[in-house]
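Engineer: sequence unknown, structure follows:
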Ligand SMILES: Cc1cn([C@H]2C[C@H](O)[C@@H](COP(=O)(O)OP(=O)(O)O[C@H]3O[C@@H](C)C(=O)[C@@H](O)[C@H]3O)O2)c(=O)[nH]c1=O
């Protein structure tokens, strides 16, 4: 795993380190020791699978409040996504700023989102699957969201939104949110 810093401290684009031979490739998608060497906590306790039949599907922007904040390590295993995280850490110099990364299976890249970030993605192709590990159990009472189209965030989404849950369409704007 090769860690590339991003404009938001603590968030990394993680390149999978490939070992290639005539059979194909091998790479570690998670290694607690390598995370520790990078100074990152690696206690990821739940693995999630997100299957999205339709291009343009949007999920997000989600986070859990203290003490249930989650680290997320995300990988697109089929199709393609535009993956976005927003810094919602109180007092952070980059509070409210976002970054986006295109993830595809062939790019061999993942996104490491530290605690205190809202996360969401849009699928760029039909039949897209995202697998990700999280550091805290799902806690509905602590779950919060921000609107993907909040003008203050001004997130750029590549496609018109074709599918979105009722909940995701009705999250509060950041100004009114619990973050
Ligand atoms: C997230 C989650 C959902 N569920 C259930 C609740 C619900 O019935 C169903 C679908 O939940 P949601 O609509 O919240 O699924 P989804 O919108 O895919 O939620 C996910 O979105 C992305 C962007 C994230 O960052 C994740 O952390 C997670 O919040 O699955 C669990 O049982 N465990 C979980 O960890």
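Structural biologist: Yes, it's here. The shown structure was predicted, so the numbers you read here are calculated from the model rather than taken from an experiment.
Engineer: Show me which residues of the chain sit near the ligand.
Structural biologist: 48, 50, 59-60, 62, 119-121, 138, 165 (C-beta under 6 Å from any ligand atom). Placement of C-beta: from N, CA and C, glycine included.
Engineer: Can you lay out the residues you listed as JSON lines showing secondary structure?
Structural biologist: Below are the residues of the chain next to the ligand laid out as JSON lines (DSSP: H, G, I helix; E, B strand; the rest coil):
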{"residue": "48", "secondary structure": "strand"}
{"residue": "50", "secondary structure": "strand"}
{"residue": "59", "secondary structure": "strand"}
{"residue": "60", "secondary structure": "strand"}
{"residue": "62", "secondary structure": "strand"}
{"residue": "119", "secondary structure": "strand"}
{"residue": "120", "secondary structure": "strand"}
{"residue": "121", "secondary structure": "strand"}
{"residue": "138", "secondary structure": "coil"}
{"residue": "165", "secondary structure": "coil"}
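Engineer: Selecting buried members of those residues in ChimeraX, what would you type?
Structural biologist: ChimeraX command restricting the residues of the chain next to the ligand to the buried ones, with burial defined by 16 or more other C-beta atoms under 10 Å:
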select :50,59,60,62,119,120,121
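Engineer: Distance to residue 31 and pLDDT for the residues of the chain next to the ligand - can I get that in CSV?
Structural biologist: CSV is the format used below for the residues of the chain next to the ligand (distance: C-beta to C-beta, whole Å; pLDDT from 0 to 100):
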residue, distance to residue 31, pLDDT
48, 19, 98
50, 22, 98
59, 27, 98
60, 27, 97
62, 25, 98
119, 21, 98
120, 26, 98
121, 23, 98
138, 24, 96
165, 33, 98
